[in-house]
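A.B. asks: Need the 3D shape of this:
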Amino acid sequence: MNNVAVLHITDNGRKIADRLLELFPGAVISKFRPDIVDVLWKENDAIIFIMAAGIVVRAIAPLLKDKKSDPAVVVLDEQGKFAVSLVSGHLGGANELAKEIAGILGGEAVITTASDVNNLPSIDLWARDNDLIIENWDVLPLVGTRYVNNGGLRVYCDIPLALPPEFLRVSDPRFADAIITNKRDVYAGSPRCSITGEGCSTEACRVKGQVYLRPLNLVAGIGCNSGTPLDEIEAALQTTLEEHNLVFSSLLSLATIDIKGNEPGLRAFADKHGLTLQVFSTADLNTVAGIEPSEVVIKATGAIGVAEPAALLASGDDKLIVPKQKKGNVTVAIALKTVRSAELGVRNGE
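C.D. replies: Residues are numbered from 1 along each chain as shown. The predicted model follows:
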């Protein structure tokens, strides 16, 4: 935790707060006032309250947004007997924080998240640790409840990725609780259902409520004319992905030739979506085998191509999943990046 605030009410609470400096030397310790909680909420990764839980609940209730952005909240009694993980137990780190505090104070961590008390891996933490983006957070509570009730999570995964024992791999996405794919429609091309006679995309014969986990494994090679605006680059890439049944949320990075590295529209597009932009020299691009040379590109840059070889160099792979697509002033090619699994190490994203 980088920024931690500790709030107390009594003198005994202050003594506990001072002991917490062993864990968080830079923590800001303040006497509790309802009006300062709002400021601390915005500035800190975690807030530790040493007081009754009821006071804390009333103070933070208007500030709660969601588990992806709320700071970790841990509540302690003023004797340090119990450290209660109250808010953002998983992604925010409150569960681990409560355990660390209990260890320092000789108390007991109180963890109430269902997966933890049932000794099951947390879906959101496992997704984060494996660079997977949860697409439909609204479905996660339903899937999580089913997971705890069943003692296992049925997972369809079309990339090489190690699953914990509690995640049960299934070969058909219809029967999955969680689907790991960069495909926009994982059911595209599925045979018609023998029961309903409909395509599986009708949801007539699949598990109700499926959470999608998107791997960050798409690399887009981009070539563009000078002065091409952000909107045109964005539209070209979006269209290319849609036409090839791929999702934008799986996009990891962009790649281009070095002379386009400071192209305003391309740079603005990368910044807007938080994407890294890798650039390669003409010499580097010309080392890539299997590229059909473009006379137009050779004349303009000296490189045999831009979008295709840049995508391959940035991905570390030797083949494209989408060859170059010309969209107005923009050329796009897509390759798969190697995927890091927390348990497997580095594997190819085929």
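A.B. asks: switch to C-alpha atoms for all contacts and neighbour counts from now on
C.D. replies: Will do.
A.B. asks: Make sure Pro323 is indeed in a helix.
C.D. replies: No. The assignment for Pro323 by DSSP: H, G, I helix; E, B strand; the rest coil gives strand, which leaves it out of any helix.
A.B. asks: wait, it sits on Leu336?
C.D. replies: No. Using CA atoms under 8 Å, Pro323 and Leu336 do not qualify as a contacting pair, with a distance of 12.0 Å.
A.B. asks: the more surrounded of these two?
C.D. replies: A direct count of neighbours by other CA atoms under 10 Å for Pro323 and Leu336 places Leu336 higher, at 26 against 17.
A.B. asks: The more buried one and Ser253, how far apart?
C.D. replies: For Leu336, the distance to Ser253 under the criterion CA to CA, to the nearest Å works out to 11 Å.
A.B. asks: Mutual contacts of the two, please.
C.D. replies: Overlap between the neighbourhoods of Leu336 and Ser253 consists of 218-219, taking contacts as CA atoms under 8 Å, 6 or more residues apart in numbering.
A.B. asks: Do a quick rundown of the helices in the stretch 251-350 of the chain.
C.D. replies: Counting by DSSP state H, counting those that start in this stretch, the stretch 251-350 of the chain has these helices, from start to end: 264-273, 282-285, 295-301, 307-315.
A.B. asks: will you turn those helices into a markdown table that also has mean pLDDT, distance to Leu213 and mean neighbour count?
C.D. replies: As requested, these are arranged in a markdown table below (pLDDT from 0 to 100; distance: least, CA to CA, whole Å; neighbours: other CA atoms under 10 Å):
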| stretch | mean pLDDT | distance to Leu213 | mean neighbour count |
| --- | --- | --- | --- |
| helix 264-273 | 96 | 18 | 17 |
| helix 282-285 | 95 | 33 | 17 |
| helix 295-301 | 89 | 37 | 13 |
| helix 307-315 | 96 | 20 | 28 |
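A.B. asks: got those helices as a markdown table, with distance to Ile101 columns?
C.D. replies: Listed next are the helices of the stretch 251-350 of the chain as a markdown table, based on distance: least, CA to CA, whole Å:
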| stretch | distance to Ile101 |
| --- | --- |
| helix 264-273 | 37 |
| helix 282-285 | 52 |
| helix 295-301 | 59 |
| helix 307-315 | 42 |
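A.B. asks: Indicate which one of those helices is closest to Ile180.
C.D. replies: For these, distance to Ile180 was read as CA to CA. The smallest value, 19.5 Å, belongs to helix 307-315.
A.B. asks: I'd like to know which elements the closest one is packed against.
C.D. replies: Helices and strands in packing contact with helix 307-315 are listed as strand 218-224, strand 251-257, strand 276-280, helix 282-285, strand 320-327, strand 330-336; criterion 3 or more CA pairs under 8 Å, 6 or more residues apart in numbering; DSSP states H and E.
A.B. asks: Nearest to Thr145, out of those?
C.D. replies: Distances from Thr145 to each of the helices and strands packed on helix 307-315 were compared by CA to CA, and the smallest falls on strand 251-257, at 29.8 Å.
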